[in-house]
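Engineer: Need the 3D shape of this:
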Amino acid sequence: MTRVGAFLVIAIVSAAIFAPLLVPFDPAVQQLALRLEGPTGAHWFGLDELGRDILSRVLLGARVSLLVGLVVVGVSSTLGMAMGAVAGYYGGRVDQVISRVMDVLLAFPGLLLAIALVAVLGPSLVNVVLALTVIGWVGYARLVRGQVLRAREFEYVMAARALGAGTWRILTRHVLPTALPAVTVQATLGMAGAILSEAALSFLGLGVQPPTPSWGTMINGGRAHLLDAPHLTVFPGVFLALVVLGFNFLGDGLRDQLDPKIAKPSRGV
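Structural biologist: This is a model prediction of the structure:
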């Protein structure tokens, strides 16, 4: 399953990177005379309610989803690692304040909190990234905090502290590297969650605004034609499911490889 996930991720990421070269038609060009036409030799995925090529819009929509996932995971993991490292290493009141902030954010369902934030800030791609980052860093902070609490008692960390090493050096050279495998797995799984959340917000009209193609917006636009033109929702839905499954499979495989608690099969001598 790890190889399947890696193949799906590489294939969709490659399609998103080279989308401007792969799209057969301009995704904004409308052919109203052929609106809702099903898949044909010229239009493999058919045309939408405005006569736009669905294949072109799906490929360009992949760029939006992956961009949101990368930015959200990058900012969330960086902020979460910093907050978790500070809370776990210093402890005391610093740990209590950061932990209470995390508890407050975890008290709300993540997607509902993101909907509320985007509704207040206004629908746009930047606000979607901001809302998902606000709720996304907590998971990384909790994970890193637990790793730091364990690592700070290691003998080599105590030896570095006794030799007069600074806090920054101890955290970056001796403590945080022990958390990187777990953060890598969390980031891979977080990509799937961020992409799915962006699609949900766009589906509700709070994410990417037309005419920019987005999988969530395309699925929402095809709801009124589920019976007479199901291809409007099937193809963006399939691509969304494949990329989410790909990142989940890849994350599960990385967890199996990087988690020392999982017993590896023994080899014969």
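Engineer: Could you use CA atoms for every contact and neighbour count after this?
Structural biologist: OK.
Engineer: middle-most residue in the chain, spatially?
Structural biologist: M191 (2.2 Å; C-alpha atoms, centre = their mean).
Engineer: Surely that one touches L245?
Structural biologist: No - with contacts counted by C-alpha atoms under 8 Å, M191 stays clear of L245, the gap being 10.7 Å.
Engineer: got the contact list for R35?
Structural biologist: Counting by C-alpha atoms under 8 Å, 6 or more residues apart in numbering, R35 makes contact with L47, D48, E49, L50, G51, R52.
Engineer: Secondary structure element holding G207?
Structural biologist: Using DSSP states H and E, G207 maps to neither a helix nor a strand.
Engineer: you'd agree it is up against P123?
Structural biologist: Yes - using C-alpha under 8 Å, G207 makes contact with P123 at a distance of 5.4 Å.
Engineer: neighbour-wise, which of the two wins?
Structural biologist: Between G207 and P123, G207 has the larger neighbour count (other C-alpha atoms under 10 Å), namely 27 against 20.
Engineer: And the more buried one, how far from R152?
Structural biologist: 41 Å (C-alpha to C-alpha, to the nearest Å).
Engineer: can you check G190 too?
Structural biologist: Distance from G190 to R152, by C-alpha to C-alpha: 26 Å.
Engineer: Same check on Q186?
Structural biologist: For Q186, the distance to R152 - C-alpha to C-alpha - is 21 Å.
Engineer: neighbours around the closest residue to D53 other than its chain neighbours, how many?
Structural biologist: What sits nearest to D53 in space, not counting adjacent residues and going by C-alpha to C-alpha, 6 or more residues apart in numbering, is L47, at 4.8 Å. Around L47 there are 27 other residues, counting by other C-alpha under 10 Å.
Engineer: thought L47 was touching L36?
Structural biologist: Yes - between L47 and L36 there is a contact under C-alpha under 8 Å: 5.2 Å.
Engineer: shared neighbours of the two, which are they?
Structural biologist: Common neighbours of L47 and L36 (C-alpha under 8 Å, 6+ apart) are L232.
Engineer: that older thread, of G190 and R152, who's got more company?
Structural biologist: G190 (27 against 20).
Engineer: Count residues in the vicinity of V101, would you?
Structural biologist: The burial count for V101: 11, using other C-alpha under 10 Å.
Engineer: correction: T172
Structural biologist: So T172, with other C-alpha under 10 Å, has 12 neighbours.
Engineer: can you give me the helices in the stretch 1-150 of the chain?
Structural biologist: 2-17, 19-22, 54-90, 92-106, 110-121, 125-151 (DSSP state H, counting those that start in this stretch).
Engineer: List the contacts of L196.
Structural biologist: L240, V244.
Engineer: what's the helix or strand for it?
Structural biologist: Judged by DSSP H and E, L196 forms part of helix 180-203.
Engineer: quick check: angle from that helix to helix 54-90?
Structural biologist: Angle between the axes of helix 180-203 and helix 54-90 is 130 degrees (criterion: axes from the mean of the first three to the mean of the last three C-alpha atoms, to 10 degrees).
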